[in-house]
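In: predicted model follows, preceded by the sequence.
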Amino acid sequence: MVTGPEALTRALTGAADGIRGAAAELAALDAVAGDGDLGITAAKIADALEETVKSGTQVPADELLRRCGLAVAAAAPSSCGTLIASGFLRAAQHLASPPGPAGNGSAASPQARVAGALRAALAAMAERGGTAVGDKSILDAIAPAVNSLEEADGADLRAALAASAQAAREGAAATARLVPRAGRAAWLADRSSGHVDAGAQLFACGWSGAVDALSARGRTGSTGWRAPNAS
């Protein structure tokens, strides 16, 4: 099962690779209407995930996600790092919750369990950041990935995951047409126009890396995808 410890370990390692491989382009995107330090934050997040995975291979999936959240919060206490940490922690709570309508539904399909955890992470990050889908943020890449997984419930798992990664990439690319409504980018909305949101790009690269790893394509060090307008 994709939410089992072994598969989750592969996914987190792939996510770390995808994020680390995109650090330079994330820094460039962040510099458009931010302080340009997202590349550094991304590297710290990737390192935290990788180190946590190495030390937690025998723990349940929900505990591994909880440890990832705590590690990211400690290693990257920036606004982006804090958002991502909150997402990990809420996803861990979701997987640890009892089965049933309000829980994680242990009898649900693998993609439904992943979608549920990701939906929980999305809600936590929206609450923490005070943003909504459409505000030009990381949420605009996460939401399409969740929606794709939910729509594919019952379909082939590998195909569902690949479609969700594609949806995340398309969501990130679409942020170039959005107007930022939160954070420093909102103060410099004109400068942000036509450029992909760096946070959305970070998620798209991380999620694509995770899906690549789960699809048994191995560690590549990069998703092979570059955002439009990244320099």
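Out: Sure thing, it's come through.

In: remind me which residues of this protein are low pLDDT?
Out: For the chain, the stretches with pLDDT under 70 are 1-3, 99-108, 183-191, 216-231.

In: what does the top helix by length along the chain rub up against?
Out: Secondary structure of the chain per DSSP state H: the longest helix is helix 110-129. Residues outside helix 110-129 that contact it (C-beta atoms under 8 Å, 6 or more residues apart in numbering): 1-3, 65, 79, 82-84, 86-91, 93-95, 104-105, 108, 131-133, 137-139, 142-143, 145-146, 149-150, 152-153, 155, 157, 160-161, 182. Where C-beta positions appear, they are placed from N, C-alpha and C, glycine not excepted.

In: what's the ChimeraX syntax to select whichever of these are buried?
Out: To isolate the buried subset of the contacts of helix 110-129 in ChimeraX, counting by 16 or more other C-beta atoms under 10 Å, use the following:
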select :2,3,65,79,82,83,84,86,87,88,89,90,91,93,94,95,104,108,131,133,137,138,139,142,143,145,146,149,150,152,157,160,161
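
In: of the contacts of helix 110-129, which belong to helices?
Out: Using DSSP H, these in helices are 65, 79, 82-84, 86-91, 93-95, 139, 142-143, 145-146, 149-150, 157, 160-161.

In: tell me the contacts of the residue most central in space within the chain?
Out: Geometric centre of the chain, nearest residue: residue 203, 3.8 Å, by C-alpha atoms, centre = their mean. With contact taken as C-beta under 8 Å, 6+ apart, residue 203 is in contact with 138, 141, 142, 145, 168, 172.

In: what's near enough to touch the fifth one?
Out: With contact taken as C-beta under 8 Å, 6+ apart, residue 168 is in contact with 141, 142, 144, 145, 203, 204, 207, 208.

In: now it: which helix or strand?
Out: Assessed by DSSP states H and E, residue 168 sits inside helix 157-174.

In: can you give me the angle that helix makes with helix 139-151?
Out: For helix 157-174 against helix 139-151, the angle by axes from the mean of the first three to the mean of the last three C-alpha atoms, to 10 degrees is 150 degrees.

In: and the angle from helix 157-174 to helix 110-129?
Out: Helix 157-174 runs at 30 degrees relative to helix 110-129, counting by the same axes, to 10 degrees.

In: list phi and psi for the closest residue to residue 182 other than its chain neighbours.
Out: Nearest residue to residue 182, sequence neighbours excluded (C-beta to C-beta, 6 or more residues apart in numbering): residue 131, at 4.7 Å. The phi/psi pair for residue 131 (degrees, to the nearest 10) reads phi -120, psi 170.

In: and if you look at the one 5 residues further on?
Out: Listed backbone geometry of residue 136 is phi 60, psi 70, with angles given as degrees, to the nearest 10.

In: I'd say it and residue 175 touch.
Out: Yes - the criterion here is C-beta atoms under 8 Å, and residue 136 meets it with residue 175 at 5.1 Å.
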